[in-house]
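**Q** I'd like to go over a predicted model; first the sequence, then the structure.
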Amino acid sequence: MKTIGVLAFQGDVREHLAAVEASGAKGVEVRTAAELAQIDGLILPGGESTTISKLARIFDMFDPLKATIASGLPTFGTCAGLILLADRILDGIDGQETFGGLDVTVRRNAFGHQTESFETNLAFKGISGPDLVAAFIRAPIIEQVGPEAEVLATLISGAVVGVRQKSILGISFHPEVTGEFRVHRFFIDSMVSA
């Protein structure tokens, strides 16, 4: 059984742990470099990207996370997690840092405020069956995709909301909120266990 860590500084950690367990893997919280070294894959949850980044610095985890992701640890970011994996951010706060790894440019809060959150059905390359139920909550949008990244999901408008690059998966939406565990299974089966 694979062990999937969820970065547990801030955000919807509990929901991701439940999704990992429902997908047939062991879920553990990650807050230290020692815990990071014990996992087969990592999830960066939704929440506040700036807060997660600052807490990673405070707890001396920013550099270990950046190095571990760069070394090829399978990593999956949702919403704020996607922002943290992007190489470039539009509308970031001054000095905002990311762990990087995805050759994409993201725009924070691209859909507006919390009140403009929405759900929609979404096709996802590599996942069969009916469309996913995707919840967008103060979500980012992927505005530019570099040549190394592969687009996996788009909205009807053409806006890119899911990409994969080597060992990294990044999505704008929250499958853990809608009970849509197929994205977690896709990550575990095709990226962690492969």
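**A** Looks like it arrived, so ask away.
**Q** Where does the residue nearest the centre of the chain sit, in terms of helix or strand?
**A** Closest residue to the average C-alpha location of the chain: residue 77 at 0.9 Å, with Cα atoms, centre = their mean. In this structure, residue 77 sits in strand 75-78 according to DSSP states H and E.
**Q** After that strand, which helix or strand is next?
**A** Next along the chain after strand 75-78, with elements defined by DSSP H and E, is helix 80-85.
**Q** Please name the residues that touch the spatially closest residue to residue 1 that is not a sequence neighbour.
**A** In space, not counting the residues next to it along the chain, residue 1 is nearest to residue 26; the distance is 5.4 Å by Cβ to Cβ, 6 or more residues apart in numbering. C-beta coordinates here come from the backbone N, C-alpha and C atoms, glycine included. For residue 26, the contact set (Cβ atoms under 8 Å, 6 or more residues apart in numbering) comprises 1-4, 20.
**Q** Which of those residues fall in strands?
**A** Counted as lying in strands by DSSP state E, out of those, are 3-4.
**Q** Which of the contacts of residue 26 sits closest to residue 12?
**A** Ranked by distance to residue 12 (Cβ to Cβ), those are led by residue 20 at 12.3 Å.
**Q** so the closest one sits right up against residue 27, yeah?
**A** Yes - using Cβ atoms under 8 Å, residue 20 and residue 27 qualify as a contacting pair, with a distance of 3.6 Å.
**Q** joint contacts of those two?
**A** A shared contact of residue 20 and residue 27, defined by Cβ under 8 Å, 6+ apart, is any residue touching both; here these are 4, 6.
**Q** Those two: who's more crowded?
**A** In this comparison of residue 20 against residue 27, neighbours counted by other Cβ atoms under 10 Å, the higher total goes to residue 20 at 27 against 22.
**Q** list the contacts for the more buried one?
**A** With contacts defined as Cβ under 8 Å, 6+ apart, residue 20 is in contact with 4, 6, 26-27, 43, 184, 188.
**Q** what about 6 Å?
**A** 4, 27 (Cβ atoms under 6 Å, 6 or more residues apart in numbering).
**Q** just residue 106 next, same as before
**A** Remark: with contacts taken as Cβ under 6 Å, 6+ apart, residue 106 is in contact with 83, 86, 89, 140, 142.
**Q** can you tell me which two in the residues you listed are farthest apart?
**A** The widest separation within the contacts of residue 106, taken as Cβ to Cβ, falls between 89 and 142 and amounts to 11.1 Å.
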